[in-house]
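Participant: Mind folding the following:
(one chain, ligands or ions: 1)
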Amino acid sequence: MGRMSGYQPSRWDKTLTSMVRTIAGQSHELYCVEQVDIVQPELEKIAALNDRHLEKLAFVLLVYAKSKNKMNPNNNGWVSQKTKVLLKEAGVSRLKNKELLIYELTRKGYITPSRVVDREDVQVNFAVEIGEAGIAIRDFRDIVHYYSRWKEGGARYTHCSDCGLLFRRASNNAKYCAGCKKERELAWKRENMRKRRLAFVE
Ligand SMILES: [Zn+2]
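Facilitator: Predicted structure coming up:
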């Protein structure tokens, strides 16, 4: 392969790094659809759980179910993602009682587990197609933040100025997500080192 014109190693590195980070962070399943729309009746149904861990997991399950429904109209709300991955996406994988969350959603009728032995598949029962617009998801990184933003009100959340990721701000003027902030700090350090080295040579 010949040299690409306009090839900039540092820029390219950065793109690759963020791509790898993105792909490692979640499943490929969600990337097959352009957009998933969550409507108000669904959000209200989730909020009615009145338990933030259950709510987050229910939201993640709903997004997966709706994206699969989009890919396959006969899917009927089934999610075949591993429980481990779903718990992680919902930010509840470190909870001691995490195994109980799936059980609780089942008991409350939000989901139905597969009857096939050794299958983790669950069917999401509260997806609806019609209703007042709620959340439109086009960027499937850290999807649970969309629910938190809806629940807590928008002020605390913003999209990263570098990569567009929705993240929770530590302060009101924070512009970059944790990953991009770190990259910026590293780039700044490298640039400083380079300047210092140049100054030394001269
Ligand atoms: Zn970012």
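Participant: going forward, measure contacts and count neighbours with C-alpha atoms only.
Facilitator: Fine.
Participant: residue ranges for the strands of the chain, please.
Facilitator: Taking DSSP state E as the test, the strands found in the chain are 36-39, 78-79, 111-113, 122-124, 133-137, 157-159, 166-168.
Participant: now, of these, which is deepest in the fold?
Facilitator: Stretch with highest mean neighbour count among the strands of the chain: strand 78-79 (a mean of 24; mean count of other CA atoms under 10 Å).
Participant: what packs against that one?
Facilitator: Applying 3 or more CA pairs under 8 Å, 6 or more residues apart in numbering; DSSP states H and E, we find strand 78-79 packed against helix 52-71, strand 122-124.
Participant: partners of that strand, with directions?
Facilitator: Using DSSP bridges, strand 78-79 pairs in its sheet with strand 122-124 (antiparallel).
Participant: Can you add distance to the ion and mean pLDDT and give the strands of the chain back as JSON lines?
Facilitator: Formatted as JSON lines, these follow (distance: least, CA to the ion, whole Å; pLDDT from 0 to 100):
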{"stretch": "strand 36-39", "distance to the ion": "21", "mean pLDDT": "96"}
{"stretch": "strand 78-79", "distance to the ion": "28", "mean pLDDT": "96"}
{"stretch": "strand 111-113", "distance to the ion": "33", "mean pLDDT": "95"}
{"stretch": "strand 122-124", "distance to the ion": "31", "mean pLDDT": "97"}
{"stretch": "strand 133-137", "distance to the ion": "17", "mean pLDDT": "94"}
{"stretch": "strand 157-159", "distance to the ion": "8", "mean pLDDT": "93"}
{"stretch": "strand 166-168", "distance to the ion": "8", "mean pLDDT": "94"}
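Participant: Output those strands as a markdown table; include the columns distance to residue 196.
Facilitator: Below are the strands of the chain laid out as a markdown table (distance: least, CA to CA, whole Å):
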| stretch | distance to residue 196 |
| --- | --- |
| strand 36-39 | 49 |
| strand 78-79 | 54 |
| strand 111-113 | 60 |
| strand 122-124 | 58 |
| strand 133-137 | 45 |
| strand 157-159 | 34 |
| strand 166-168 | 34 |
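Participant: For this structure, which residues are neighbours of the ion?
Facilitator: Residues of the chain lying close to the ion (CA under 5 Å from the ion) are 160, 162, 163, 177, 180.
Participant: Low-confidence ranges, this protein, go.
Facilitator: 1-31, 202 (pLDDT under 70).
Participant: pull the longest helix from it.
Facilitator: The single longest helix within the chain, with elements called by DSSP state H, is helix 178-201.
Participant: Quick one: residues in contact with it.
Facilitator: With CA atoms under 8 Å, 6 or more residues apart in numbering as the test, helix 178-201 has contacts from 162, 163.
Participant: Show me how far it is from its chain's centre.
Facilitator: Distance, stretch centre to chain centre, for helix 178-201: 30 Å (CA atoms, centre = their mean, to the nearest Å).
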